[in-house]
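K.L.:
Show me the folded form of this:
(one chain, ligands or ions: 3)
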Amino acid sequence: METLSEAYKEHTLHLRHIIPLDFSSLPSLPDSHAWSLSNDDYNNNTFPFNDDDDASSSSIPMIDLMDPNAMHLIGHACETWGAFQLKNHGIPFGLIEGVEQEAKNLFSLPTQQKLKALRSPGAATGYGRAQISPFFPSFMWHEGFTIIGSPSHHAKKIWPTDFQHFCDLIEKYEKQMKILAERLTKMALELLEISEEKRKWVGGNNISGAVQLNFYPSCPEPKRAMGLAPHTDTSLFTILHQTQTTGLQIFKEGKGWVPVHPNPNTLVVNTGDLLHIMSNARFRCALHRVTVNRSRKRYSVAYFYSPPIDYVLSPLNVHSAARFRAVTVKEYFSIKAKKFGEALSLIST
Ligand SMILES: C=C1C[C@]23C[C@@]1(O)CC[C@H]2[C@@]12CCC[C@@](C)(C(=O)O1)[C@H]2[C@@H]3C(=O)O
Ligand SMILES: O=C(O)CCC(=O)C(=O)O
Ligand SMILES: [Fe+2]
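P.N.:
Residues are numbered from 1 along each chain as shown. Ligands and ions are numbered 1, 2, ... in the order given. Presented below is the predicted three-dimensional model:
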């Protein structure tokens, strides 16, 4: 079965954009990882001031999935923010805690052991920097581990005799996340009045899913560093578990970078480019980034949910002219991998 990995095959990254820095015991910020207002113009004069986050500023809506009105609240959140926090989501707390612990174990391994699972150039899965690294002038204060389908290939390289526990937990997590993503997708497609025919794939076995474990080490100069640079996700929906450490911010016109404060038992959901395309731009795709902290490490686990790789995305069933040409999921992922921020405009009509 073709997976998202196919879309990255013709997009070979240089090793410097794959191998992360060894962050352990760095007394100061290397120049290669320094971000300043002069070398980036995507910060809108609100460069990462994580320690000064204003807790009183409004943030993305909190939605209870048990609320009878959940579908409409989700629709409104997708239209206004492209993101919301979700409680009573049905994912067992123990499972989330287990995956968080696996991420902590993985990233605390010695560098040489993590490098055994290094992502290959032209591949999507394994250990390394974020795929978006080449599009920015400085490196990010981040390590990632990407999983598409079974994690066993890479897990066996790291833990030759002891990989089973990690694989079992991740596979359980993927299954549960898929179910939750399907619930959200059904609601979104209903709001968009997408035809039965075009909804048939939801609940099937060949959807495109990926899990990303993220690690943001503590940083000697957090105000000059960037955890994850501003980006929109390529997915339909991304479901994120973040540890109890601030860092995630969402960009909102008129407000700037708005922090998403961690809440226990709550997942963060954001809409990605694919839902933006499918909804003919009615639903936003949230621009977000991650800042880092001086003394606290931060971890997150993202689940990216997208239709099958050969599904044709076309803003049908809309009452206004289509703003995007029809593209397959695979084609769009491949455009995004090569052109990043220009991808949406490249398919605009
Ligand atoms: C499904 C995917 C989304 C992602 C690319 C990927 O194939 C696997 C890694 C994902 C990730 C995680 C960190 C941020 C991001 C922008 C990146 O560089 O890699 C996303 C990608 C994405 O949404 O395009
Ligand atoms: O770590 C976070 O809070 C966000 C991670 C993220 O944006 C991603 O994995 O795409
Ligand atoms: Fe993201």
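
K.L.:
Identify each buried residue in the longest helix along the chain, please.
P.N.:
Using DSSP state H, we find that the single longest helix of the chain is helix 164-191. By neighbour count with 16 or more other C-beta atoms under 10 Å, helix 164-191 contains the buried residues 166-167, 169-171, 173-174, 176-178, 180-185, 187-189, 191. Yep, even glycine has a C-beta here, placed from its N, CA and C like the rest.

K.L.:
which residues in the stretch 151-300 of the chain form strands?
P.N.:
Using DSSP state E, counting those that start in this stretch, the strands of the stretch 151-300 of the chain run over 208-216, 228-231, 237-242, 248-252, 256-259, 267-271, 288-290, 298-306.

K.L.:
I'd like to know which residues of the stretch 1-150 of the chain are adjacent to ligand 1.
P.N.:
4, 124, 130-132, 144, 146 (C-beta under 6 Å from any ligand atom).

K.L.:
Out of the residues you listed, flag the one nearest to Asn263.
P.N.:
Gly144 (23.5 Å; C-beta to C-beta).

K.L.:
part of a strand, is that closest one?
P.N.:
Yes. Counting by DSSP: H, G, I helix; E, B strand; the rest coil, Gly144 falls inside a strand.

K.L.:
Can you give me the distance of Gln131 to Met1?
P.N.:
For Gln131, the distance to Met1 equals 22 Å [C-beta to C-beta, to the nearest Å].

K.L.:
Quick one: the helices in this structure, in order.
P.N.:
70-80, 93-107, 111-114, 152-158, 164-191, 196-199, 273-278, 329-339, 343-346.

K.L.:
Which of the ones you listed sits closest to Tyr305?
P.N.:
Closest among the helices of the chain, once you apply C-beta to C-beta, is helix 164-191, at 3.6 Å.

K.L.:
Averaged pLDDT, that closest one. What do you get?
P.N.:
Helix 164-191 comes out with an average pLDDT of 98.

K.L.:
same check, this time on stretch 142-154
P.N.:
97.

K.L.:
and that stretch with ligand 2, contact?
P.N.:
No. Using C-beta under 6 Å from any ligand atom, stretch 142-154 stays clear of ligand 2, coming no nearer than 7.3 Å.

K.L.:
What is the end-to-end distance of that stretch?
P.N.:
19 Å (C-alpha to C-alpha, to the nearest Å).
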